[in-house]
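Chemist: take this sequence and fold it.
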Amino acid sequence: MRLCAEERLTRGKTSKRQRALSCRYSTGGGNPRLMYAPVKEEVEWDEPRIIRYHDIISDREMEILKNISRPQFSRSEVYEDGEARISVVRVSQSVFLYNDPVEAVSQRIGDVTGLSMETAEQLLVQNYGIGGRYEPHVDALGIENDRIATFLIYMSDVEIGGATVFPIVGVAVHPKKGSAVLWYNLHRNGEKNLNTLHAGCPVLMGNKWVANKWIREFGQEFRSPCSLSDWE
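Modeler: Predicted structure coming up:
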């Protein structure tokens, strides 16, 4: 099996620490909508904290998102020097769904994370075909009302390749249809967490569908309080 370079590097580095990670049923801190139907939460890594939520989206919801997105797709862009532009570092098609066709998905993200969706970006649906990839980058933009967290939904399995890798800490998160992963791009003091540098490995066989929800700082003041500490 062929793997991208970043993915190969993670295999040996993670085995010991992974054995100390845990799974649980979560109510999102006591959210009423999750009390009788808790979500399956798995800690993929401790620092940066990467959490996977299993069975977070239904097959029907995924098909709706795919069908609405296909005719609207265009080449994905990256932000460089404050501007959006097409770049060889990101090979995929994508579209922001400004009228969320499955509002329950955004509601569910808010429920499980405990974060406000009022200032979050619209859902971004992306498709990576053969060779599709995204080279190492951080999601935080270094601006006011920055992206405090990333919620990445996997809407397909991938036969070979397509993992989300964090090369600094040596972690590879593999696509699993219906699951999602969450990580925080900022420390509690508002500084970028550079350990969240991540990449989308090339798809070598199959087709990769994902949906991103970038959650912004504003509105989280009482949900995820900031810290004045230099090390938090």
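Chemist: isn't there a helix covering residue 67?
Modeler: Yes - the assignment for residue 67 is a helix, going by DSSP: H, G, I helix; E, B strand; the rest coil.
Chemist: where does the most centrally placed residue in the chain land in three-state SS?
Modeler: Central residue of the chain (C-alpha atoms, centre = their mean): residue 152, 2.5 Å from the mean position. Look at residue 152: counting by three-state DSSP, its state is strand.
Chemist: the nearest residue to it once chain neighbours are set aside: which element?
Modeler: With sequence-adjacent residues excluded and distances taken as C-beta to C-beta, 6 or more residues apart in numbering, residue 152 is closest to residue 181, at 5.1 Å. (C-beta placed from N, C-alpha, C; glycine too.) Using DSSP states H and E, residue 181 maps to strand 180-184.
Chemist: sheet partners, orientation included, of the next helix or strand after that strand?
Modeler: Once the chain leaves strand 180-184, the next helix or strand it forms, by DSSP H and E, is strand 198-200. The strands beside strand 198-200 in its sheet (DSSP bridges) come out as strand 133-137 (antiparallel), strand 164-166 (antiparallel).
Chemist: show the contacting residues for the residue nearest to residue 152.
Modeler: 44, 50, 51, 52, 53, 151, 152, 154, 164, 173 (C-beta atoms under 8 Å, 6 or more residues apart in numbering).
Chemist: apply 6 Å and report the result again.
Modeler: 50, 52, 152, 173 (C-beta atoms under 6 Å, 6 or more residues apart in numbering).
Chemist: looking at those residues, which are in strands?
Modeler: The members of the contacts of residue 181 that map onto strands under DSSP state E are 50, 52, 152, 173.
Chemist: residue 28: which of those residues is nearest?
Modeler: Closest approach to residue 28 among those (C-beta to C-beta): residue 52, at 14.7 Å.
Chemist: that closest one: neighbour count?
Modeler: Residue 52 has 21 neighbours, counted by other C-beta atoms under 10 Å.
Chemist: possible to save the contacts of residue 181 as JSON lines with pLDDT?
Modeler: Shown next, in JSON lines, are the contacts of residue 181 (pLDDT from 0 to 100):
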{"residue": "50", "pLDDT": "97"}
{"residue": "52", "pLDDT": "98"}
{"residue": "152", "pLDDT": "98"}
{"residue": "173", "pLDDT": "97"}
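Chemist: wait, a helix at residue 105?
Modeler: Yes - according to three-state DSSP, residue 105 belongs to a helix.
Chemist: and the pLDDT at it?
Modeler: Note for residue 105: predicted pLDDT of 94.
Chemist: list the contacts of residue 64.
Modeler: Going by C-beta under 6 Å, 6+ apart, residue 64 touches 101, 102.
Chemist: now do the SS call for it.
Modeler: helix.
Chemist: pLDDT at it, what is it?
Modeler: 96.
Chemist: same thing with residue 230?
Modeler: 51.
Chemist: heads up, I number from 35, so please use that
Modeler: Will do, 35 is the new start, and the previous item becomes residue 264.
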